[in-house]
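>>> quick one, structure for this:
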Amino acid sequence: MAKKTSNPKSMTVFKFASIFLGSLITIWSSAAVLSGLAQVNWQVSELLRQYLIAVGLMQEFHTLSDFYTHIKGVEYIIAVLFLSAFPAFYAYLNKPAKEVAAK
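Down below sits the predicted model:
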């Protein structure tokens, strides 16, 4: 029967490598956030707004018609989700009650 042994030196190297890599990523991400905040005059909400626009989760609307069209689209999505989820919820609420066994 072969005995499984772990090499403590390789585990130590792996541990220190992961700590070093984690520290580098932390320093890099902190520098990126601080640099972004400095560019927007230390306004966190403006930095978040620019981020959401950059990744496409938020849009800038130039006309009232664009805004209204977007809102109507979101409303239709909510209505479809409700109409598809309500029958399942109704069926869940109206399950027949299990009979209680008398002791």
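
>>> contacts and neighbour counts: CA atoms only from here.
Will do.

>>> start to end distance for stretch 54-74?
Stretch 54-74 has an end-to-end distance of 20 Å (criterion: CA to CA, to the nearest Å).

>>> who touches it?
49, 52-53 (CA atoms under 8 Å, 6 or more residues apart in numbering).

>>> what about residue 76, how many residues nearby?
The number of residues packed near residue 76 is 11, by other CA atoms under 10 Å.

>>> out of the contacts of stretch 54-74, who's nearest residue 18?
Among the contacts of stretch 54-74, residue 52 lies closest to residue 18 (CA to CA), at 30.8 Å.

>>> for the closest one, which non-adjacent residue is closest in space?
Distance criterion CA to CA, 6 or more residues apart in numbering; nearest residue to residue 52, sequence neighbours excluded, is residue 58 at 5.4 Å.

>>> would you map the helices across this structure?
8-39, 44-55, 64-93 (DSSP state H).

>>> can you put those in a markdown table and add mean pLDDT?
Shown next, in a markdown table, are the helices of the chain (pLDDT from 0 to 100):
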| stretch | mean pLDDT |
| --- | --- |
| helix 8-39 | 93 |
| helix 44-55 | 92 |
| helix 64-93 | 92 |
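
>>> give me phi/psi at the spatially most central residue of the chain?
Centroid-nearest residue in the chain, with CA atoms, centre = their mean: residue 57, separated by 11.9 Å. Taking degrees, to the nearest 10, you get phi -80, psi -10 for the backbone angles of residue 57.
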